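A.B. asks: sequence first, predicted coordinates after that:
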Amino acid sequence: MAVITVPAQSRRIEGEDAVASFLMPYGIRYERWPLEDRCDPDASSEDILAAYQPEIDRLKTEGGFVTADVINVTPDTPHLEEMINKFNKEHTHSEDEVRFVVKGRGLFHIHPQDGNDVFSIEMIAGDWISVPAGTRHWFDFCNERTIRAIRLFQDKSGWTPHYVESGVHEAYLPVCWGPQFVPSEQTKVKSVLSL
């Protein structure tokens, strides 16, 4: 399940209830959805959406979402670097960012505007998150560069990133890149998240 890291405090939060409680004051919702006996994570997008239709319908009713799709990213995805560079810089969206991870993992970094420290949320299969519109954040793929997730939208134009001038994203590297990651000379001077 999701793990939160607050590097400035050398703090790590684990466990479904602890993660959900930590995120609640930021308006971020977190849930674990069942994976067992639901659907093969490599099934078609249509089968995945059908398997999670009850949860999708609930969210559509609660949040005014009108459409859902499945994003499938692998190391072989065309234009992967462009995709990564689009969302690994601090930005906001004009609608909530809602994701349920079916396969793989990724890292949301959250930059609270209330003076609290930047923190990361490592998401794995079974994790569902809703990041409120206007929240400063960015997303990194982990070293496997693989993630399959259900996305919900009120309007797909709301997913356009609005970049934050002088964003802090360059000071943080993804903790989920693993020990084989060796920073370049440029990134060695930046602070690295420590577990």
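C.D. replies: That came through fine. The shown structure was predicted, so the numbers you read here are calculated from the model rather than taken from an experiment.
A.B. asks: ok, longest helix in this structure?
C.D. replies: helix 53-63 (DSSP state H).
A.B. asks: distance between it and the chain's centre?
C.D. replies: 19 Å (CA atoms, centre = their mean, to the nearest Å).
A.B. asks: list the buried ones in it?
C.D. replies: 55-56, 59 (16 or more other CB atoms under 10 Å). C-beta coordinates here come from the backbone N, C-alpha and C atoms, glycine included.
A.B. asks: from the residues you listed, which single one is nearest His91?
C.D. replies: For the buried residues of helix 53-63, the minimum distance to His91 (CB to CB) is 22.5 Å, reached by Leu59.
A.B. asks: double-check the closest one against Leu152; I have them as touching.
C.D. replies: Yes. In this structure, Leu59 is within contact of Leu152 by CB atoms under 8 Å, at 5.6 Å.
A.B. asks: common neighbours of the two, please.
C.D. replies: 65, 98 (CB atoms under 8 Å, 6 or more residues apart in numbering).
A.B. asks: can you give me the end-to-end span of stretch 155-170?
C.D. replies: 29 Å (CA to CA, to the nearest Å).
A.B. asks: what does it contact?
C.D. replies: By CB under 8 Å, 6+ apart, stretch 155-170 touches 66-67, 86-95, 97, 109, 111, 118, 133, 136, 138, 151, 153, 190.
A.B. asks: stretch 39-55 too?
C.D. replies: Contact partners of stretch 39-55, identified using CB under 8 Å, 6+ apart, comprise 33, 35, 38, 56, 68-70, 72, 100, 102-103, 125, 128, 148, 150.
A.B. asks: go again with 7 Å.
C.D. replies: By CB atoms under 7 Å, 6 or more residues apart in numbering, the residues outside stretch 39-55 that reach it are 33, 38, 56, 68-70, 100, 102-103, 125, 148, 150.
A.B. asks: just give the number of residues close to Val98.
C.D. replies: Val98: 22 surrounding residues under other CB atoms under 10 Å.
A.B. asks: what bridges to it?
C.D. replies: Per DSSP bridges, the residues bridged to Val98 are Ser130, Leu152.
A.B. asks: what's the answer for Val3, then?
C.D. replies: Counting by DSSP bridges, Val3 forms beta bridges with Glu14, Glu122.
A.B. asks: centroid-nearest residue for the protein?
C.D. replies: What sits nearest the mean C-alpha location of the chain, by CA atoms, centre = their mean, is Phe108, with 4.0 Å.
A.B. asks: and that residue, bridged to which residues?
C.D. replies: In beta-bridge terms (that is, DSSP bridges), Phe108 pairs with Ile121, Phe139.
A.B. asks: isn't it up against Phe141?
C.D. replies: No. Here Phe108 lies out of contact with Phe141, judged by CB atoms under 7 Å, at a distance of 11.3 Å.
A.B. asks: what are the phi and psi values at Ser166?
C.D. replies: Main-chain dihedrals, Ser166, degrees, to the nearest 10: phi 60, psi 40.
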